[in-house]
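Colleague: A predicted structure for the sequence below; I have some questions about it.
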Amino acid sequence: MIIVLLAVCLAQAPGTVAPLRTAASADIAAGKRLFESQCAWCHGTTGAGGTGPSLQRATLRHAADDKALGDIVRNGIPGTEMPGFTSALTERTAWQTAAYVRSLGRTAATPIAGDVKRGAALYESTGCGSCHVIAGRGTTIGSRADRHRRAARRVSSARVDRESGGRRAISSCAR
């Protein structure tokens, strides 16, 4: 196995990155440890999302391929809260972290509890679309509510508070 992996790495042109699917279980385990220490603060310990988006998907918005994912791990995403870890990670440790992140996309995402129709009605009735986008509707003054599990939790919380007479639907956006 080591000889095959070495042959794959040596056969590549300079500046190319080994496909993440070639990562050995030891590389993925090392990437997981790095992820837990550096990334879990925002993406959650299982990559299900938090202040950062869920990484439990086969296709990541900013990482169309393995090289792009490795670049994001090393350099972050300009104009977003995703920082770079250039000083903390070597090319190898960034590759291991990217391999672990890619493995998260091969796991089933945890479904979010709630009633989609009631959530859509709440989105429409409280004016969320004046700031947030869902399914191409609304404006982008606020975050894209269709891209974040956190937003689904807010809508769920807002729905519960609204049913009890509160107006959290609007105050949750002001945080």
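Modeller: Looks like it arrived, so ask away. Numbers count the residues shown, from 1 in each chain.
Colleague: what's the neighbour count on the residue lying closest to residue 52 once chain neighbours are set aside?
Modeller: Ranked by C-beta to C-beta, 6 or more residues apart in numbering and with sequence neighbours excluded, the top spatial neighbour of residue 52 is residue 42, at 3.4 Å. C-beta: built from backbone N, CA, C; applies to glycine. Neighbourhood size, residue 42 [other C-beta atoms under 10 Å]: 14.
Colleague: what's the answer for residue 22, then?
Modeller: Residues near residue 22, counting by other C-beta under 10 Å, number 13.
Colleague: roughly how far does residue 82 sit from residue 48?
Modeller: Taking C-beta to C-beta, to the nearest Å as the measure, residue 82 falls 16 Å from residue 48.
Colleague: residue 66 too?
Modeller: On the measure of C-beta to C-beta, residue 66 and residue 48 end up 22 Å apart.
Colleague: ok, these two, which is more surrounded?
Modeller: Using other C-beta under 10 Å as the criterion, residue 66 and residue 48 rank with residue 66 on top: 20 against 17.
Colleague: quick check, that one in contact with residue 22.
Modeller: No: between residue 66 and residue 22 no contact is recorded; they are 9.6 Å apart, counting by C-beta atoms under 8 Å.
Colleague: pull the contacting residues for the residue nearest to residue 52.
Modeller: 50-52, 81-82 (C-beta atoms under 8 Å, 6 or more residues apart in numbering).
Colleague: just confirm it is within a helix.
Modeller: Yes: assessed with DSSP: H, G, I helix; E, B strand; the rest coil, residue 42 lies in a helix.
Colleague: look at it and report its pLDDT.
Modeller: Reported pLDDT at residue 42 in the predicted model: 91.
Colleague: equivalent analysis for residue 96, please.
Modeller: 95.
Colleague: cool, residue 72 as well?
Modeller: pLDDT for residue 72: 94.
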